[in-house]
Each structure stands twice: as structure tokens, then as C-alpha cells.
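Peer 1: need coordinates for the below:
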Amino acid sequence: MKLSKIFLSVFIIFATNLFAKGMPEEFYQIKNIKETKSYFFKYLYKMIKNENNKILEERTFVKTMLNSNLLNINANSEEFLRLLKIKKKYRIKKLFDLTSYMKKIDIIPPSMSLAQAAVESGWGKSRFIKEANNIFGHWTYNSEIGMIPEQRKDEDKHFIRIFKTLQASISAYMLNLNRNKAYKSFHKERYKMRIANKELSGLALSQTMLNYSGIGEEYLSILKIVIKKNKLETYDKKFYQEIKK
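Peer 2: Next up is the predicted model:
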């Protein structure tokens with residue numbers, strides 16, 4: 001009987017985490033604006049760091065793979081098959097073009113990610129994040145994985161993408177920025193920083209997000225203000241220090 005109760009408790013905790021929507025309940029109980037922002041940034045930073053580490057692992061793999069003797073690559077090996085998957089994932093045209101991979105497979109600076117998360121999710125309190133774990137306003141045309149926006153026009157067909165977790169939303173956001181042609185200027189500027197051996201600046205790269213929002217230049221100004229006012233560049237420095245350890 002006791003084992004049954006323990007099993008039931010564990011299942012309830014697992015199910016709650018699996019189907020939880022939005023930020024933790026305690027976040028919505030915070031009344032102080034400064035504390036709300038601090039919680040929001042610290043909570044999402046951990047997930048952003050996790051996704052960036054995954055990207056860096058892919059980047060290292062590709063760099064190692066393509067810097068090796070290509071004549072000795074076994075087309076049936078696990079490494080080669082993984083390279084094919086990464087090529088497809090990031091929409092790389094030429095299989096052995098290292099530069100193309102390096103331009104697309106790279107981190108999204110935490111300061112920029114956090115600023116966009118704050119703006120797009122209404123500081124974690126929008127309907128999209130609460131009901132769909134959608135932090136960055138992703139759309140979909142698949143009704144099975146989306147919900148209808150409240151103010152959608154009759155002629156529009158898009159839905160707000162529903163994610164199983166906040167982590168999945170961050171993963172989709174980073175993949176979208178890394179492989180979408182709309183962010184070619186972002187890829188270009190980020191690669192320039194890499195070539196110059198500079199740490200990637202979220203503040204500078206946020207100014208390439210012109211195509212992310214329909215409000216254009218105003219969106220860039222908003223991101224700059226959010227990053228500077230909340231000193232989000234400290235998260236960039238923190239991340240670089242952590243990956244150097």
C-alpha cells in the first residue's frame with residue numbers, strides 16, 4: 001500500500017512537470033517588479049545556457065569532422081550520418097563547406113535571447129507562454145500543434161505554436177535564428193565577430209533582428225533598451241566564463 005502511494009506521488013510530480021505551462025507558479029506570485037525581472041532572467045538563463053551548450057557541441061563536432069581527412073570518411077559511419085542530419089537540420093547546401101556550417105551553427109548570446117524573451121512574452125505573463133509554453137511568439141499553420149490567437153483576422157490561417165516545455169520553445173527559437181534566411185545579416189555579423197576572435201555581443205547582434213518583428217526599427221530600439229537597462233550583458237560574460245572552465 002505504501003509503495004502504491006509513493007508511486008502515485010512520483011507520477012503526479014512527473015505529470016505536473018511534463019504538462020506544466022508557463023513559468024513556475026511562484027513566479028506569478030511575486031509582486032515586486034525588480035524581483036520579477038530577476039527571477040525571469042535567472043530562470044530562463046539556465047535553459048538558454050543548456051541550448052547554447054548543445055549548439056557548441058554540434059559546432060565542435062562539425063569542425064572536427066571537416067578538418068579531418070575527408071578521404072577517409074566512411075559513408076556508413078555514425079559520424080557521417082550525424083553530419084548529414086546536421087546538414088539537413090541547419091539547411092546547409094554543401095555537405096563539406098565548413099564556412100557555411102560555422103556561420104549557422106553558433107550560439108545566440110544570452111543577453112539577446114533574454115531581451116527577446118522578455119519582449120515577446122510580456123515578461124513571462126502573456127497568454128502564449130502561460131497556455132502554450134511559447135516564449136518567442138512562434139507561429140505554425142498546423143492546427144494540431146497550435147492555438148488560435150485571440151485577435152486573429154478571419155482571413156488569417158496561422159496559429160500560435162504550442163510547445164511541451166519552455167526548453168522546447170527556446171530550442172525552436174535558436175534553431176529558427178540559426179537556419180532562417182531572414183536572419184542572414186545576423187549570421188554575417190556573428191561570423192565577423194568569430195573571425196576577429198571577439199566574444200559575441202548580444203547588444204550588437206540584437207540590432208540585426210530587423211526581420212523578427214513587424215515594427216521594424218522600433219523593435220531594435222526596444223531590445224537595446226531592455227539589454228542596457230537590465231544589464232543583460234552580464235549574462236553574456238557569465239556564459240563565456242562558464243564555458244571556459
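Peer 1: please count neighbours and contacts with C-alpha atoms only from this point.
Peer 2: OK.
Peer 1: need the strands for the chain, in chain order.
Peer 2: All strands of the chain, identified by DSSP state E, fall at 139-140, 146-147, 159-161.
Peer 1: can you redo those strands as JSON lines, where the extra columns are distance to residue 128, mean neighbour count and mean pLDDT?
Peer 2: Below are the strands of the chain laid out as JSON lines (distance: least, CA to CA, whole Å; neighbours: other CA atoms under 10 Å; pLDDT from 0 to 100):
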{"stretch": "strand 139-140", "distance to residue 128": "11", "mean neighbour count": "16", "mean pLDDT": "84"}
{"stretch": "strand 146-147", "distance to residue 128": "9", "mean neighbour count": "18", "mean pLDDT": "79"}
{"stretch": "strand 159-161", "distance to residue 128": "7", "mean neighbour count": "22", "mean pLDDT": "88"}
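Peer 1: which one of those strands lies closest to residue 188?
Peer 2: Residue 188 lies closest to strand 139-140 among the strands of the chain, at 25.1 Å (CA to CA).
Peer 1: which secondary structure elements does that closest one contact?
Peer 2: Applying 3 or more CA pairs under 8 Å, 6 or more residues apart in numbering; DSSP states H and E, one finds that strand 139-140 contacts strand 159-161.
Peer 1: just to revisit the earlier point, out of the strands of the chain, which comes closest to residue 100?
Peer 2: strand 139-140 (26.6 Å).
Peer 1: off-centre distance for the closest one?
Peer 2: 16 Å (CA atoms, centre = their mean, to the nearest Å).
Peer 1: and if you look at stretch 164-179?
Peer 2: Distance of stretch 164-179 from its chain centroid, counting by CA atoms, centre = their mean, is 4 Å.
Peer 1: next: stretch 65-80.
Peer 2: Per CA atoms, centre = their mean, the centroid offset for stretch 65-80 relative to its chain is 29 Å.
Peer 1: ok, the nearest residue to residue 139 once chain neighbours are set aside - contacts?
Peer 2: Excluding its sequence neighbours, the residue lying closest to residue 139 (CA to CA, 6 or more residues apart in numbering) is residue 160, at 4.7 Å. Contacts for residue 160 (CA atoms under 8 Å, 6 or more residues apart in numbering) come out as 128, 132, 134, 137, 138, 139, 140, 146, 147, 148, 149.
Peer 1: which one is the first one nearest to, not counting chain neighbours?
Peer 2: Pointing back at residue 128 there. Counting by CA to CA, 6+ apart, the residue nearest residue 128 is residue 134, at 5.3 Å.
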